[in-house]
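Enquirer: 3D model of this:
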Amino acid sequence: MEKKRKSLAHSFGCALQGIAAGIREERNMKIHCCAAAAVLGLGVWIGLSLMEWCICLILCGMVLALELVNSSLESLTDLVTQEWEPLAKKVKDLAAGAVLVGAVTAAAVGGIIFVPHFL
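Expert: Residues are numbered from 1 along each chain as shown. Reported below is the predicted structural model:
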(Lines give C-alpha, C1' and ligand atoms only; values in the text may rest on other atoms or scores of the structure.)
Protein backbone atom coordinates (compact mmCIF):
# COMPACT_ATOMS: atom_id res chain seq x y z
CA MET A 1 0.00 0.00 0.00
CA GLU A 2 1.47 3.34 -1.07
CA LYS A 3 1.46 6.24 1.35
CA LYS A 4 -0.13 9.45 0.08
CA ARG A 5 2.35 12.34 -0.02
CA LYS A 6 1.36 15.34 1.99
CA SER A 7 1.31 18.77 0.40
CA LEU A 8 4.07 21.29 0.93
CA ALA A 9 1.58 23.54 2.71
CA HIS A 10 0.75 20.69 5.10
CA SER A 11 4.45 20.14 5.82
CA PHE A 12 4.95 23.83 6.60
CA GLY A 13 1.86 23.74 8.81
CA CYS A 14 3.28 20.83 10.80
CA ALA A 15 6.60 22.66 11.18
CA LEU A 16 4.83 25.80 12.41
CA GLN A 17 2.84 23.70 14.89
CA GLY A 18 6.11 22.28 16.18
CA ILE A 19 7.60 25.75 16.64
CA ALA A 20 4.42 26.93 18.39
CA ALA A 21 4.44 23.89 20.70
CA GLY A 22 8.09 24.52 21.52
CA ILE A 23 7.40 28.14 22.44
CA ARG A 24 4.21 27.30 24.35
CA GLU A 25 5.49 24.27 26.26
CA GLU A 26 9.25 24.61 26.72
CA ARG A 27 10.64 27.05 29.31
CA ASN A 28 14.07 27.29 27.69
CA MET A 29 12.53 28.00 24.29
CA LYS A 30 10.71 30.96 25.85
CA ILE A 31 14.01 32.17 27.30
CA HIS A 32 15.79 31.87 23.94
CA CYS A 33 12.93 33.67 22.17
CA CYS A 34 13.14 36.54 24.68
CA ALA A 35 16.91 36.71 24.17
CA ALA A 36 16.45 36.75 20.38
CA ALA A 37 13.85 39.53 20.69
CA ALA A 38 16.27 41.51 22.87
CA VAL A 39 19.05 41.07 20.31
CA LEU A 40 16.75 42.21 17.50
CA GLY A 41 15.51 45.22 19.47
CA LEU A 42 19.02 46.22 20.49
CA GLY A 43 20.19 45.75 16.92
CA VAL A 44 17.54 48.14 15.65
CA TRP A 45 18.35 50.63 18.41
CA ILE A 46 22.10 50.77 17.73
CA GLY A 47 21.84 50.39 13.95
CA LEU A 48 23.70 47.19 13.14
CA SER A 49 25.42 46.92 9.77
CA LEU A 50 24.13 44.46 7.18
CA MET A 51 26.88 41.97 8.02
CA GLU A 52 26.22 42.30 11.76
CA TRP A 53 22.51 41.66 11.11
CA CYS A 54 23.32 38.55 9.09
CA ILE A 55 25.52 37.17 11.85
CA CYS A 56 22.97 37.92 14.58
CA LEU A 57 20.10 36.37 12.63
CA ILE A 58 22.09 33.24 11.84
CA LEU A 59 23.10 32.81 15.48
CA CYS A 60 19.58 33.45 16.82
CA GLY A 61 18.17 30.95 14.34
CA MET A 62 20.86 28.43 15.27
CA VAL A 63 20.11 28.63 18.99
CA LEU A 64 16.34 28.39 18.46
CA ALA A 65 16.77 25.42 16.11
CA LEU A 66 19.10 23.67 18.57
CA GLU A 67 16.56 24.17 21.35
CA LEU A 68 13.80 22.65 19.20
CA VAL A 69 16.00 19.64 18.41
CA ASN A 70 16.91 19.31 22.09
CA SER A 71 13.24 19.39 23.10
CA SER A 72 12.32 16.83 20.47
CA LEU A 73 15.09 14.45 21.61
CA GLU A 74 13.97 14.84 25.24
CA SER A 75 10.37 14.05 24.25
CA LEU A 76 11.43 11.07 22.16
CA THR A 77 13.59 9.76 25.00
CA ASP A 78 10.65 10.10 27.41
CA LEU A 79 8.46 8.23 24.92
CA VAL A 80 10.91 5.34 24.81
CA THR A 81 11.42 5.04 28.56
CA GLN A 82 9.96 6.62 31.67
CA GLU A 83 12.50 4.88 33.89
CA TRP A 84 15.95 6.24 34.64
CA GLU A 85 18.36 4.81 32.10
CA PRO A 86 22.02 5.84 31.74
CA LEU A 87 21.75 5.96 27.93
CA ALA A 88 18.57 8.05 28.08
CA LYS A 89 20.37 10.50 30.39
CA LYS A 90 23.30 10.62 27.98
CA VAL A 91 21.00 11.46 25.04
CA LYS A 92 19.38 14.29 26.99
CA ASP A 93 22.70 15.60 28.30
CA LEU A 94 24.30 15.58 24.84
CA ALA A 95 21.35 17.45 23.33
CA ALA A 96 21.38 20.00 26.16
CA GLY A 97 25.13 20.37 25.70
CA ALA A 98 24.63 21.19 22.03
CA VAL A 99 22.24 24.00 22.99
CA LEU A 100 24.71 25.29 25.58
CA VAL A 101 27.57 25.34 23.06
CA GLY A 102 25.38 27.20 20.58
CA ALA A 103 24.11 29.69 23.15
CA VAL A 104 27.57 30.44 24.57
CA THR A 105 28.95 30.87 21.05
CA ALA A 106 26.08 33.21 20.16
CA ALA A 107 26.62 35.22 23.35
CA ALA A 108 30.37 35.53 22.70
CA VAL A 109 29.86 36.65 19.11
CA GLY A 110 27.09 38.96 20.30
CA GLY A 111 29.54 40.55 22.70
CA ILE A 112 32.05 41.04 19.90
CA ILE A 113 29.36 42.71 17.77
CA PHE A 114 27.54 44.80 20.38
CA VAL A 115 30.22 45.95 22.84
CA PRO A 116 32.10 48.19 20.35
CA HIS A 117 28.85 50.07 19.65
CA PHE A 118 28.75 51.12 23.30
CA LEU A 119 32.43 52.04 23.67
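Enquirer: so where's the chain shaky on pLDDT?
Expert: 1-2 (pLDDT under 70).
Enquirer: quick one: the helices in it?
Expert: 8-25, 27-46, 50-80, 86-118 (DSSP state H).
Enquirer: Show me what the third one is packed against.
Expert: Right, the one you point to is helix 50-80. helix 8-25, helix 27-46, helix 86-118 (3 or more CB pairs under 8 Å, 6 or more residues apart in numbering; DSSP states H and E). For the C-beta atoms, the positions are set from N, CA and C on the backbone; glycine is no exception.
Enquirer: what about the longest one, distance to the chain center?
Expert: To tie it back to what came earlier, the one meant is helix 86-118. Distance of helix 86-118 from its chain centroid, counting by CA atoms, centre = their mean, to the nearest Å, is 10 Å.
Enquirer: helices and strands around that helix, which ones?
Expert: For helix 86-118, the packing partners by 3+ CB pairs under 8 Å, 6+ apart are helix 27-46, helix 50-80.
Enquirer: and Val104, which of the ones you listed is closest to it?
Expert: Ranking these by their distance to Val104 (criterion: CB to CB) puts helix 50-80 first, at 9.8 Å.
Enquirer: could you dump the helices of the chain to CSV with mean neighbour count?
Expert: As requested, the helices of the chain are exported to CSV (neighbours: other CB atoms under 10 Å):
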stretch, mean neighbour count
helix 8-25, 12
helix 27-46, 15
helix 50-80, 16
helix 86-118, 14
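Enquirer: Tabulate the helices and strands packed on helix 50-80 (JSON lines), appending distance to Leu79.
Expert: Formatted as JSON lines, these follow (distance: least, CB to CB, whole Å):
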{"stretch": "helix 8-25", "distance to Leu79": "15"}
{"stretch": "helix 27-46", "distance to Leu79": "19"}
{"stretch": "helix 86-118", "distance to Leu79": "11"}
